[in-house]
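K.L.:
model the following, please.
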Amino acid sequence: MDAKAMTDQVERVRARIGKRPIVLVGLMGAGKTSVGRRLAQLLDMPFADSDHEIESVSRMSVPELFEAYGETEFRALEQRVVTRLVTGSPAVIATGGGAYMNADTRAVIRAHAVSVWLNADLDTLMERVSRRSNRPLLKAADPRAVMRKLIADRYPIYAEADIAIVSRDARHAVIAGEIIDAIEQTILAENEKDEIH
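P.N.:
Purely as a prediction, here's the structure:
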C-alpha cells in the first residue's frame, strides 16, 4: 500500500472508530505492547499499557504486586485501571494477559472499545517470554505446561474479542497494518448490518 492509500485508510478508520479506544488482548508474549506502540504510531493515537499504568499508580512492579497482595488483589486493581483507560480519551491500549478474563472488565471493553485479540501459538509465546524473567505466572517448574493451560483456559474467552489477528514472527508494522485492515472491515460490516435493520 502506498503512503497516500495508507493515509486515507487511517483517516477512514479514525473517523469510524470515533472516540472508541482500541484494546489489545492476549497472552503474555503475544506482542500487545510492541504491536500496540506501532499501531498507535500508524493511527496517530496515544498508547497506554495497563501493566505500566498499574505500576505507576501502585509504585510497585507487577511481580512485586503479585507477591505482596496475591493475584486476586492485583486483578481488582487491574480492573480499575483498565476501566479508567477504556473510558478515557481514545488511545491504543495494551492490557495484561489476565485483564480480559474478568467479566466486568470485558463488559466495559465491549461497551466502550474495539477489542483485538493477538492470537499466538504456544511455541511463539514460549520463545518470546523466555527472553524476560518478570512473568509471575510462569515462575513454575514447568513454564510450558503453565502456558499450555493458560491457552486452554483463556483462548475461548479471548475469542469473544471483536477482531482476532494471528501474532507471529513478522514485523510489528505488518501486524499493526493487519489490525487496521481488520478494524476497517469489521466497522464496514457493522454499518451494513445497521443499514439493513
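
K.L.:
so who does Phe22 touch?
P.N.:
Just so we're on the same page, residue 22 is Ile rather than Phe. Taking C-beta atoms under 8 Å, 6 or more residues apart in numbering, we find Ile22 in contact with Leu39, Leu43, Met45, Ala91, Val92, Ile93, Ala113, Val114, Val116, Ile179, Ile183. For every residue, glycine as well, the C-beta is placed using N, CA and C.

K.L.:
could you give the separation of the lengthiest strand in the chain from the chain centroid?
P.N.:
Within the chain, and with DSSP state E defining each element, the longest strand by residue count is strand 114-119. Centroid separation for strand 114-119 versus its chain: 6 Å, with C-alpha atoms, centre = their mean, to the nearest Å.

K.L.:
residues touching the helix or strand that it is followed by, excluding its own?
P.N.:
Next along the chain after strand 114-119, taking DSSP states H and E as the criterion, comes helix 122-129. Helix 122-129 is contacted from outside by 27-31, 120, 135, 138, 143-144, 147-148, 151, 167-169, using C-beta under 8 Å, 6+ apart.

K.L.:
centre-most residue in this structure?
P.N.:
Nearest residue to the geometric centre of the chain (C-alpha atoms, centre = their mean): Leu24, 1.7 Å.

K.L.:
settle this for me: that residue is touching Gly97, isn't it.
P.N.:
No - counting by C-beta atoms under 8 Å, Gly97 is not a contact partner of Leu24; they are 10.8 Å apart.

K.L.:
you'd agree Val35 is up against His172?
P.N.:
Yes - using C-beta under 8 Å, Val35 is in contact with His172, at 5.1 Å.

K.L.:
so between the two, which is more surrounded?
P.N.:
Val35 (27 against 18; other C-beta atoms under 10 Å).

K.L.:
tell me the strands beside the longest strand of the chain, with direction?
P.N.:
Sheet pairing of strand 114-119 (DSSP bridges) gives strand 22-25 (parallel), strand 163-166 (parallel).

K.L.:
for the lowest-mean-pLDDT helix or strand in the chain, which outside residues touch it?
P.N.:
When the helices and strands of the chain are scored by mean pLDDT, DSSP states H and E, helix 172-196 comes last with a mean of 82. Here helix 172-196 makes contact (C-beta under 8 Å, 6+ apart) with 1, 9-10, 12-13, 16-17, 22, 31, 34-35, 37-39, 41-43, 114, 116, 118, 162-163, 165, 167-168.

K.L.:
among those residues, name the ones in helices.
P.N.:
9-10, 12-13, 16-17, 34-35, 37-39, 41-43 (DSSP state H).

K.L.:
so which of those is the closest to Tyr155?
P.N.:
For these, the residue nearest Tyr155 by C-beta to C-beta is Val35; the value is 17.9 Å.
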